[in-house]
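S.K.: Sequence and predicted structure, then a few things I'm wondering about:
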Amino acid sequence: MWVTMLLVVLLLLLYHNNHSLHHLQILPLCTFFLSL
């Protein structure tokens, strides 16, 4: 189940790839999912 959430996060990373600020905010979120 968490794998699907991680895929969504990766899609968000690709979507906000041009926005460095958003990217920096999403990175901790990605780390959170990895810790699960």
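M.R.: The structure has been received and is ready for your questions. The structure presented is a predicted model; accordingly, all values stated were derived computationally and were not measured.

S.K.: List the residues that contact L34.
M.R.: L6 (CB atoms under 8 Å, 6 or more residues apart in numbering). Using the backbone N, CA and C atoms, a C-beta is placed for each residue, glycine as well.

S.K.: So it versus L13, what's the distance?
M.R.: Shown here: L34 relative to L13, a distance of 13 Å by CB to CB, to the nearest Å.

S.K.: what number of residues lie near L11?
M.R.: L11 has 10 neighbouring residues, counting by other CB atoms under 10 Å.

S.K.: cool, and P28?
M.R.: There are 8 residues near P28, going by other CB under 10 Å.

S.K.: Determine the three-state secondary structure at it.
M.R.: For P28, the assignment made with DSSP: H, G, I helix; E, B strand; the rest coil gives helix.

S.K.: cool, L7 as well?
M.R.: When classified by three-state DSSP, L7 comes out as helix.

S.K.: Need the per-residue pLDDT for it.
M.R.: Note on L7: pLDDT of 82.

S.K.: Helices along this structure, start to end?
M.R.: Per DSSP state H, the chain carries helices over the ranges 2-15, 20-35.

S.K.: ok, L36 touching W2?
M.R.: Yes - taking contacts as CB atoms under 8 Å, L36 lies within contact range of W2: 4.9 Å.

S.K.: Where among the helices of the chain is average confidence lowest?
M.R.: Of all the helices of the chain, helix 20-35 carries the lowest average pLDDT, namely a mean of 69.
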